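S.K.: just coords:
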Ligand code: SF4
Ligand code: SF4
């Protein structure tokens, strides 16, 4: 049977750490200070023992993420997807998203 659960595919290779998704999510859900539906985590800059550097911004939806249920119910995209200028996130069924994973630095968030 097809998996009809939904989620976000996050291609963090292209995340600039601009925080627009965080702000859009907070505004959409009218969240109080301190609450976030998505957080941008930062890894690095730090040097590995092989001489290569790690420096990533990684968007991580939190337990408060409802996948923008009210927006998607009326045919809109989740607001983080809509506001990300870099096109880092894609919304869809887990089955659809899994088919789009084609390179490193892509993760799927599910609820
Ligand atoms: S996911 Fe997009 S909107 Fe969010 S911090 Fe990264 S580049 Fe900015
Ligand atoms: S899908 Fe909606 S609720 Fe979830 S992180 Fe994105 S903007 Fe926030």
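M.R.: Structure received. What you see is a predicted model, and the numbers here were worked out from it, not measured in a lab. Ligands and ions are numbered 1, 2, ... in the order given.

S.K.: how far does stretch 14-30 sit from the chain's center?
M.R.: For stretch 14-30, the gap between its own C-alpha mean and the chain's C-alpha mean amounts to 10 Å (C-alpha atoms, centre = their mean, to the nearest Å).

S.K.: ignore what I typed, I meant stretch 53-71.
M.R.: Relative to the chain's own centre, stretch 53-71 is displaced by 4 Å; criterion: C-alpha atoms, centre = their mean.

S.K.: and it with ligand 1, contact?
M.R.: Yes: for stretch 53-71 and ligand 1, the contact criterion (C-beta under 6 Å from any ligand atom) is met by 57, 59. C-beta here means a position set from N, CA and C on the backbone, and glycine is covered the same way.

S.K.: so residue 27, which of the three states?
M.R.: Secondary structure state of residue 27, per DSSP: H, G, I helix; E, B strand; the rest coil, is helix.

S.K.: low-confidence ranges in this structure?
M.R.: When the per-residue scores of the chain are filtered using pLDDT under 70, the ranges that remain are 1-3.

S.K.: so residue 41 sits in a helix?
M.R.: No: remark: residue 41 does not belong to a helix; assigned using three-state DSSP, it is strand.

S.K.: who are the contact partners of residue 77?
M.R.: With contacts taken as C-beta atoms under 8 Å, 6 or more residues apart in numbering, residue 77 has the following neighbours: 68, 71, 91.
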